[in-house]
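Peer 1: Kindly generate the corresponding structure for this input.
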Amino acid sequence: MRFEARHGYYDWEQLQTQAFEVDVELIKNLQPAGTEDDLTQTVDYGKVYAAVRQIVVSTSFKLLEALAEAISHELLADFDVTEVGVRVRKPGVQLGGPLDYAGVEVWRSRS
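Peer 2: I've put the predicted structure just below:
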């Protein structure tokens, strides 16, 4: 998923939108959905996208870690999954030299 949002440690990063990329992996037993061909027994990707988008574009975090934690917490709360992995990348980060992106990855599960 790709979004324009305001996240970063420096004041200008909170004022100017930048690109952010988010990957989500959800762990769930998919056999019932696959056997029955039934959307109600799996996770609706459109609803996941909407939930992630809401967090990324409506809130500002200083750290990518905080953004990833917020996304993982929301997905575990809103969807019937046992585990969630969230990767957040910031491709336009400026660190004084060439790089593709700065990023973090977190994995969280139900306790």
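Peer 1: Just the C-alphas of the helix or strand bottoming out on mean pLDDT in the chain, formatted as CSV.
Peer 2: Using mean pLDDT, DSSP states H and E, the weakest-scoring helix or strand in the chain turns out to be helix 11-15, at a mean of 91. The C-alpha trace of helix 11-15 is given here as CSV (Å, rounded to 0.1, in the frame of the first residue of the first chain):
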residue,chain,number,x,y,z
ASP,A,11,9.2,19.5,12.3
TRP,A,12,9.3,19.9,8.5
GLU,A,13,8.4,16.2,8.2
GLN,A,14,5.2,16.8,10.3
LEU,A,15,4.2,19.6,7.9
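Peer 1: Any chance you could list what contacts stretch 2-12?
Peer 2: Here stretch 2-12 makes contact (Cβ atoms under 8 Å, 6 or more residues apart in numbering) with 13-22, 53, 56-57, 60-64, 67, 90. Just so you know, the C-beta spots here come from the backbone N, C-alpha and C atoms, and that holds for glycine as well.
Peer 1: what's the top strand by length along the chain packed up against?
Peer 2: In terms of residue count, the longest strand belonging to the chain (DSSP state E) is strand 18-27. Counting contacts by 3 or more Cβ pairs under 8 Å, 6 or more residues apart in numbering; DSSP states H and E, strand 18-27 packs against strand 2-5, helix 45-58, helix 64-78, strand 83-90.
Peer 1: Strand partners (parallel or antiparallel) of the first one?
Peer 2: In other words, strand 2-5. strand 18-27 (antiparallel) (DSSP bridges).
Peer 1: C-terminal to the strand it pairs with, what's the next element?
Peer 2: helix 31-36 (DSSP states H and E).
Peer 1: List the contacts of that following helix.
Peer 2: With Cβ under 8 Å, 6+ apart, helix 31-36 has contacts from 38-39, 41-42.
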